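1. The following block contains a protein sequence and its predicted model.
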Amino acid sequence: MHEFYALLELLGMLVTDPRTCVLFILLIIAAVSDCRSYKIPNWLTASGTLFGLIYNTAAAVSLPAGLLWAFEGMLLGFFMMLPLYAVSAMGAGDVKLMAMVGAFLGVPYIVFAVIATFIAGGIVALGFAWFNKALGRILINVKNIVQTMVFSAAGGNKPDVSMEASKSVGRMPYGVSIGIGTIGYVVANQLGYL
């Protein structure tokens, strides 16, 4: 019973922290928006990034250190997702959303949030494909992409991973995966699992 109260206390500390609370709210709004319209609004990512930068700067022991920590997290979150945007695996809103998360979490925590997002994205993609009765097709697509990349790398060519529209399983709102992965990582970190 004591462990349960300790768990509730840790979760309560998580929700009462303004930075974490605002981050969770923004991620939920982004996920809902992405599900409805396949778009994450710029006002959400811009205002969230600004809040993360300002809050972390004001809450830090020294202003330059806090701003640098948040700014580095923002840049790392942006650049870790940029290659997926370059190969059309995700939209620009998803990249900006992860940059916003980086402004909240800073370095090195954004790295773990991105890894958790990729794991959540894989699970959500499999569920999405299974729900749309296209699981076999998505597994074939993944095999073809990996095969193309390996053969291109072995031959010294730039890999071309673009797929024909007829082979696509469909569009998946990746903002949901970013929300699930980031919130899951932050909660697990707070509870001491990571």
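-> Thanks, I have the structure now.
2. Pull up the gap between L105 and A188, please.
-> For L105, the distance to A188 equals 13 Å [CB to CB, to the nearest Å]. (Glycine included, C-beta is placed from N, CA and C.)
3. out of those two, which sits in the busier spot?
-> Each of L105 and A188 has its neighbours counted (other CB atoms under 10 Å); L105 has more, 29 against 13.
4. And the more buried one, its phi and psi?
-> Per-residue torsions, L105: phi -90, psi -30 (degrees, to the nearest 10).
5. so it makes contact with V111?
-> No. If you go by CB atoms under 8 Å, L105 and V111 don't touch, sitting 9.2 Å apart.
6. Please list all residues in contact with the spatially closest residue to K39 that is not a sequence neighbour.
-> Spatial nearest neighbour of K39, chain neighbours left out: G93 (5.9 Å); criterion: CB to CB, 6 or more residues apart in numbering. Taking CB atoms under 8 Å, 6 or more residues apart in numbering, we find G93 in contact with 30, 34, 39-42, 45, 175.
7. Would you indicate which residues of stretch 11-18 are buried?
-> Neighbour-count burial for stretch 11-18, counted by 16 or more other CB atoms under 10 Å, picks out L14.
8. so how far is that stretch off the chain centroid?
-> A distance of 21 Å separates the centroid of the chain from that of stretch 11-18, by CA atoms, centre = their mean, to the nearest Å.
9. then that stretch to CSV, C-alphas only?
-> Output of stretch 11-18 as CSV, limited to C-alpha atoms (Å, rounded to 0.1, in the frame of the first residue of the first chain):
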residue,chain,number,x,y,z
LEU,A,11,2.6,11.3,-10.5
GLY,A,12,1.2,14.3,-8.5
MET,A,13,4.6,16.0,-8.7
LEU,A,14,4.6,15.4,-12.4
VAL,A,15,1.2,17.0,-13.0
THR,A,16,1.8,20.0,-10.7
ASP,A,17,5.1,20.9,-12.5
PRO,A,18,4.0,23.7,-14.9
